[in-house]
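Asker: Need the 3D shape of this:
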Amino acid sequence: MEQEYLMKFLEIGAIDLKGDDTKLNKLRSTANDLSAALREAPSKTASFTMVAADPNIPAADPTVDEAMTFLRKQWETVANAFSGRPVGILRAILLDAIVQAARSDDAIAVAFVNTARNALAHAETSDEAEIWREAVSEIETKVDARAEAEWATPEMITVDPLQYTPPAPVSTASKAPTVDRSALQAIVHSAAGPWGPNNPNRYQPHGNPQAWSQDFADKMSVAIADTLDGMAKKLAPAPIDLSGPLSTLAKAVTAHVDRALASFSGATAGLERRTNLLWWKEALYSPSAHASYLDLPPFEASALMALDLHEQVPTYSPASVSAFLREAIRCLPPGEGEQDEGERDVASLVRDARTAAVMQPFRVLAARYAPVPVGRGPLLSLIGHPQNLGAVEATTLRALGGVEVSTKMTPSDWGTHLFRELQSARATIEAPTKRAKKK
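Answerer: Numbers count the residues shown, from 1 in each chain. The predicted structure follows:
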């Protein structure tokens with residue numbers, strides 16, 4: 001039976017309904033409604049998750065407002081039941097709604113797992129840690145199952161048999177020809193001497209044997225040849241047009257070869273992908289910046305490594321890909337004057353990501369993936385739309401990005417964080433298109 005995360009918040013005392021089952025049913029109905037709304041707008045997954053994961057989320061956040069609107073539809077007097085906006089209850093409802101949607105929508109599942117991994121690293125959810133661990137583990141297992149199927153390399157490749165139906169056999173049945181014996185007899189009789197009815201031999205066999213035999217041979221050879229020619233003409237088969245059957249066979253063979261090549265390509269895609277990633281890690285070259293990561297500042301290099309890895313892997317990738325990126329970034333040498341992996345505060349990292357020339361490819365993709373920041377959302381919004389905000393102030397970063405201005409990150413922390421945001425954003429951007437095709 002699937003777990004109900006709303007109940008888990010009740011069990012740990014994070015929300016208190018005084019044992020009123022009527023109120024609980026209202027919360028459940030609200031979670032169901034929000035889940036349906038999220039499936040129609042998967043791009044909200046990141047903001048829903050970030051708000052649900054933050055106990056200190058401002059009560060005026062747009063996502064909190066949206067959740068409150070849904071709750072009022074089920075519980076009209078909710079404003080009178082609490083002294084202030086019930087943020088704790090709304091967060092519990094949001095998590096339950098997200099998990100419901102993620103169970104049925106793989107794109108939302110990808111976005112939830114990647115966003116939750118980032119958000120929980122900067123949220124004070126100690127009382128709720130076990131609930132979140134179970135939720136992330138459940139959905140991450142689902143995502144990994146699909147990802148492993150796409151990345152797997154089977155031991156054997158099977159190809160379906162050639163699909164071809166031969167044409168129906170052409171009937172060649174015909175009546176066996178016969179010789180007109182009377183006509184042939186008349187010709188032979190005429191060739192034997194001057195008694196026949198049809199151009200008889202002018203000589204008798206013992207009157208002038210030499211002349212007779214010559215005339216006999218001439219007439220008999222013609223008679224035999226004409227008879228055989230007539231038989232051959234009657235036995236000659238009617239011409240058969242093979243262009244149609246051969247064309248059908250050629251198309252069937254072509255389709256069979258295409259399917260075989262597709263099966264081979266699909267079966268080896270995972271192996272090829274892994275090989276390319278190992279090459280990329282060893283080369284340490286950025287295709288987006290057209291430069292070696294070793295020639296770039298460590299934090300800009302780690303952000304571009306997140307971008308380049310994101311461009312190489314599919315949306316549905318196992319959790320181990322983030323670990324792969326972390327280890328790849330650790331291959332970079334430390335910056336000037338730093339020991340091992342140095343740390344920097346997030347505010348300066350966001351500022352440089354918004355202004356550094358080498359980060360232009362990242363900003364272009366971030367602007368396409370994330371909307372202008374309004375309320376809690378990914379750092380991609382701040383990076384991709386720098387023209388809409390001034391300097392990254394402490395309150396702005398906390399309200400919009402969910403992290404404190406003083407939060408420190410290493411290059412591997414920074415690159416992994418951005419990679420998860422990119423994966424999450426792409427999943428929910430692709431989802432509406434696929435859903436429209438299904439309809």
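
Asker: going forward, measure contacts and count neighbours with C-alpha atoms only.
Answerer: OK.

Asker: quick one: residue 84 is in a strand?
Answerer: No - when classified by DSSP: H, G, I helix; E, B strand; the rest coil, residue 84 is found to be coil rather than part of a strand.

Asker: Quickly note the distance from it to residue 202.
Answerer: Computed as Cα to Cα, to the nearest Å, the residue 84 to residue 202 distance reads 137 Å.

Asker: Of the two, give the one with the bigger neighbour count.
Answerer: Here residue 84 and residue 202 are set side by side on neighbour count (other Cα atoms under 10 Å), and the busier one is residue 202, at 17 against 10.

Asker: so what's the more buried one up against?
Answerer: Applying Cα atoms under 8 Å, 6 or more residues apart in numbering, one finds that residue 202 lies in contact with 193, 194, 212, 215.

Asker: now the strands: where do they sit in the stretch 151-300 of the chain?
Answerer: When secondary structure is read from DSSP state E, counting those that start in this stretch, the stretch 151-300 of the chain shows strands at 285-286, 291-292.

Asker: Out of those, which is the most enclosed?
Answerer: Of all the strands of the stretch 151-300 of the chain, strand 285-286 has the most neighbours on average by mean count of other Cα atoms under 10 Å, namely a mean of 19.

Asker: same question for that strand, mean pLDDT?
Answerer: Throughout strand 285-286, pLDDT has a mean value of 95.

Asker: Would you mind pulling up the elements that it packs against?
Answerer: Other elements packing on strand 285-286 under the criterion 3 or more Cα pairs under 8 Å, 6 or more residues apart in numbering; DSSP states H and E are strand 291-292, helix 298-312.

Asker: Turn the strands of the stretch 151-300 of the chain into CSV, columns for distance to residue 428.
Answerer: Compiled in CSV, these are given as follows (distance: least, Cα to Cα, whole Å):
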stretch, distance to residue 428
strand 285-286, 26
strand 291-292, 30
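
Asker: what number of residues lie near residue 240?
Answerer: Per other Cα under 10 Å, the neighbour tally for residue 240 reads 7.

Asker: Give me the buried positions along stretch 6-13.
Answerer: The neighbour-count criterion (16 or more other Cα atoms under 10 Å) identifies 6, 7, 8, 9, 10 as the buried residues of stretch 6-13.

Asker: Stretch 367-381 now?
Answerer: Buried residues in stretch 367-381, counting neighbours by 16+ other Cα under 10 Å, are found at 367, 369-373, 375-381.

Asker: low-scoring stretches of the stretch 101-250 of the chain, by residue?
Answerer: Applying pLDDT under 70 to the stretch 101-250 of the chain flags the ranges 153-157, 170-174.

Asker: What ranges does it have for its helices?
Answerer: Secondary structure of the stretch 101-250 of the chain by DSSP state H, counting those that start in this stretch: the helices cover 106-120, 129-151, 181-192, 209-235, 243-283.

Asker: That'll do, ta.
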